[in-house]
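Student: Sequence and predicted structure, then a few things I'm wondering about:
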Amino acid sequence: MALVIVVFWPTVIELLRYWNNDDNYSHGFMVPVVSLIFAVTASRQAGTLVRTRLPQRSVRVGMLSLVLGMIVHAVAVFVNFPLLDVAGLVLTLRGMLYLLGGRKVWRANAFSVWFLLFMAPLPLTWYQVLSRTLQNVATHISASGLTLVGVPVLVEGQLLHVPGYTLEVAEACSGMRQVMAFLALSVIVARMSGGRGWSRWVPVLLAMPIAVAANCLRIVITGVLIRIGGVGWVTGTWHTAEGLVTLMLGLLLFAAAARALRCRSGT
């Protein structure tokens, strides 16, 4: 374990820099905490599964995974690919768990290890494509929403011209922050739902639509406030408060959807 900490310590420092400097990945601070909680819970439920004598197959799988994880880490450092680096950490931890107690120990802790992938930032190319797509979706859905509530709007690219002001659906307003956070949350909900089969993962499929809906709602509310009270209502503290309120609404929508699915499945 000490060796793994030493080898992956630069990775941890780099991830901390991402989480601290990029709001889209600020949820990363909570990922290792959540992962640790699930690992401790699994340990208490399963009891001690560490074995002094392991089947040869478990030893082979553990060693292969450990070596492969180190190789992936080395490649990721060379090409500066944080997501690949975290994948290397996952493989390394998988190998260690296999060597500690074989397949049973790995299965007990698999979720907490795989969840660590949410620590990693997306590759820049992936991020830009997803962000631009979300920008376009948010722009057109928000324009339709503003028209629906009686606010005149003219769409020009990512600009929404409303009377007296021009709203820009910039990259920071694309909804990426909500999408990343909601995806991580949806996986936790799916894990804790207690459902069986594919239905337990429905919350994961709902994460992106709900995040997009919450973001579009924020833009529509901004347009309505401008129409009613002027620009002063959508700047400074009011703008921050508005973002928090719509985020909470998105969380409530997500919780309601998850509850409805649990009721439908009878769990």
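Tutor: Cool, the structure landed.

Student: Show me this structure divided up by domain.
Tutor: 2-19+29-118, 124-265 (automatic domain parsing).

Student: Walking through the stretch 151-267 of the chain, point out its helices one by one.
Tutor: Secondary structure of the stretch 151-267 of the chain, counting by DSSP state H, counting those that start in this stretch: helices at 176-192, 202-229, 237-265.

Student: Which among those is found nearest to Val155?
Tutor: helix 202-229 (11.9 Å; Cβ to Cβ). All C-beta atoms are positioned from the backbone trio N, CA, C, and that covers glycine.

Student: Could you list the low-confidence segments of this protein?
Tutor: Low-confidence segments of the chain (pLDDT under 70): 1, 45-52, 171-173, 194-199, 232-243, 246-247, 257-258, 260-267.

Student: longest helix of it?
Tutor: Longest helix in the chain by number of residues (criterion: DSSP state H): helix 82-114.

Student: Can you spell out which helices and strands pack onto the helix or strand following that helix?
Tutor: Counting by DSSP states H and E, the next helix or strand C-terminal to helix 82-114 is helix 124-148. In terms of contacts (3 or more Cβ pairs under 8 Å, 6 or more residues apart in numbering; DSSP states H and E), helix 124-148 is packed against strand 154-156, strand 159-162, helix 176-192, helix 202-229.

Student: Would you reformat the ones you listed as TSV and include mean neighbour count?
Tutor: Below are the helices and strands packed on helix 124-148 laid out as TSV (neighbours: other Cβ atoms under 10 Å):
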stretch	mean neighbour count
strand 154-156	12
strand 159-162	18
helix 176-192	21
helix 202-229	20
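
Student: Go through these and name the closest to Leu83.
Tutor: helix 176-192 (12.6 Å).

Student: circling back: how about the helices of the stretch 151-267 of the chain in CSV, adding distance to Val67?
Tutor: Formatted as CSV, the helices of the stretch 151-267 of the chain follow (distance: least, Cβ to Cβ, whole Å):
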stretch, distance to Val67
helix 176-192, 28
helix 202-229, 31
helix 237-265, 40
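
Student: Can you say which of those is nearest to Val105?
Tutor: helix 176-192 (18.1 Å).

Student: Can you tell me what sits against that closest one?
Tutor: 23-27, 30-31, 34, 38, 111, 115, 118, 127, 130-131, 134, 200-204, 206-208, 210-212, 214-215, 247, 250-251, 254, 258 (Cβ atoms under 8 Å, 6 or more residues apart in numbering).

Student: That helix vs helix 124-148, what angle?
Tutor: 100 degrees (axes from the mean of the first three to the mean of the last three Cα atoms, to 10 degrees).

Student: Can you tell me which of the helices and strands packed on helix 124-148 is nearest to Ile13?
Tutor: helix 176-192 (20.7 Å).

Student: before we move on, the earlier item: nearest approach to Leu3 belongs to which of the helices of the stretch 151-267 of the chain?
Tutor: Among these, helix 176-192 comes nearest to Leu3, with 28.5 Å by Cβ to Cβ.

Student: So the residue sitting furthest away from the middle of the chain, which state does it fall into?
Tutor: Relative to the mean C-alpha coordinate of the chain, counting by Cα atoms, centre = their mean, the farthest residue is Arg53 (38.2 Å). Taken by DSSP: H, G, I helix; E, B strand; the rest coil, the conformation at Arg53 corresponds to coil.
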